[in-house]
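>>> Give the three-dimensional model of this entry:
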Amino acid sequence: MRKMERQPWPSDALPEGDEQAPVKLLLVEDDDSLAEEIVGDLSGRGYEVSRAATGTEGLEMARKGDYALLVMDRMLPGLDGLSVLETLREQGMTMPVLVLSALSAVDDRISGLKAGGDDYLTKPFVMEELAARLEALLRRPVYGRTSMLKLGPLEMDLLERRVRRDGREIDLLPREFRLLEYMIRRPNTVLTRTMLLEDVWNYRFVPRTNLVDVHIGKLRRKVDKDGEEPLIHSIRGAGFCLRVPE
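Below you'll find the model as predicted:
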């Protein structure tokens, strides 16, 4: 079986003195045959995979283990996957979560993302797509488990999913929230459309689309009200930048 090409991993996420330690994943899946297939495939790609068969067991393992990523089935016996996910987020756990589900309706996918999921994959799926999505999630920068981000006049509460500018509440849609979080973590940095499509939208190719420009426009109108000093800037021919007033 083809091995996964290892992605660069922040040094503080690895055990001291062991730069080649495998990435630890937790799989929460009650279907034994599917779980066996996933564990076998991902182990062959270089991951260290632990498995829980119920929501309750998955919640306890996630709390106690040092996992880089969680793969969570939505429909589990006892405590369902979204309840587990919401509990983990409320407790400040910020590891990326990929939700697996046989429910493919748009509202179901939205529910999974609103509960705190970072990506949503519907069943049935092929293992190559699962592996590609995990790689995309693991490429995202890893930060400490802080629940608050502050930059100039902006405050972002990652647990309550709330944003304020100088005390003014800013109502953001889930994608706008993720986009602003990405920008706040990279202040005064030119962010290209390709970077945003890959890291915020998880595209593994760069389509011809004005998706980024449309969302930046909507976000700018919410963050930069009339009379306020602009924070979100367009960089001609390059991309966008969140600049903090000096």
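
>>> how about the CA coordinates for stretch 84-92, as PDB?
Provided in PDB are the C-alpha atoms of stretch 84-92 (Å, rounded to 0.1, in the frame of the first residue of the first chain):
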ATOM      1  CA  VAL A  84     -19.500  14.600  21.500                       C
ATOM      2  CA  LEU A  85     -18.100  17.300  19.200                       C
ATOM      3  CA  GLU A  86     -20.000  20.100  20.900                       C
ATOM      4  CA  THR A  87     -18.800  18.900  24.300                       C
ATOM      5  CA  LEU A  88     -15.200  18.800  23.200                       C
ATOM      6  CA  ARG A  89     -15.400  22.300  21.800                       C
ATOM      7  CA  GLU A  90     -17.100  23.700  24.900                       C
ATOM      8  CA  GLN A  91     -14.200  22.300  26.900                       C
ATOM      9  CA  GLY A  92     -11.700  24.100  24.800                       C
END
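
>>> ok, and what's touching that stretch?
Residues from elsewhere that reach stretch 84-92, judged by C-beta atoms under 8 Å, 6 or more residues apart in numbering: 28, 55, 58-59, 62-63, 70, 72, 76, 97, 99, 112, 115-117, 145, 147, 159. C-beta here means a position set from N, CA and C on the backbone, and glycine is covered the same way.

>>> Show me those residues that map onto strands.
28, 70, 72, 97, 99 (DSSP state E).

>>> what's around the last one, how many residues?
By other C-beta atoms under 10 Å, the residues close to Val99 number 26.

>>> Quick check: the gap between it and Ile170.
As defined by C-beta to C-beta, to the nearest Å, Val99 lies at a distance of 26 Å from Ile170.

>>> Now Arg51: which helix or strand?
For Arg51, the host element (DSSP states H and E) is strand 48-52.

>>> May I see the buried residues of stretch 192-201?
Using 16 or more other C-beta atoms under 10 Å as the test for burial, stretch 192-201 gives 193, 195-201.

>>> Only whichever of the contacts of stretch 84-92 are buried, select them in PyMOL.
The following PyMOL line selects those of the contacts of stretch 84-92 that are buried, judged by 16+ other C-beta under 10 Å:
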select buried, resi 28+55+58+59+62+70+72+76+97+99+112+115+116+117
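
>>> so what does the strand holding Arg51 touch, helix or strand wise?
Helices and strands touching strand 48-52, as assessed by 3 or more C-beta pairs under 8 Å, 6 or more residues apart in numbering; DSSP states H and E, comprise strand 24-28, helix 32-44, helix 55-64.

>>> Just say which of those is most tucked in.
Comparing the helices and strands packed on strand 48-52 by mean neighbour count (mean count of other C-beta atoms under 10 Å), strand 24-28 comes out on top with a mean of 23.

>>> partners of it, with directions?
strand 48-52 (parallel), strand 69-73 (parallel) (DSSP bridges).

>>> What segments of this structure are strands?
Taking DSSP E to define them, one finds strands in the chain at 24-28, 48-52, 69-73, 97-101, 119-122, 148-151, 154-157, 162-165, 168-170, 232-235, 239-242.

>>> What strands flank the shortest one, and is each parallel or antiparallel?
Based on DSSP bridges, the strands next to strand 168-170 in the sheet, each with its direction, are strand 162-165 (antiparallel).

>>> Quick check: buried residues in the strand it pairs with?
Buried, per 16+ other C-beta under 10 Å, within strand 162-165: 163, 165.

>>> can you list contacts of it?
With C-beta under 8 Å, 6+ apart as the test, strand 162-165 has contacts from 153-157, 169-170, 172, 177, 180, 223, 228.

>>> Show me just the buried residues among these.
Buried residues within the contacts of strand 162-165, counting neighbours by 16+ other C-beta under 10 Å: 153-156, 170, 172, 177, 180, 223.

>>> If anything else comes up later, I'll come back, but that's it for now.
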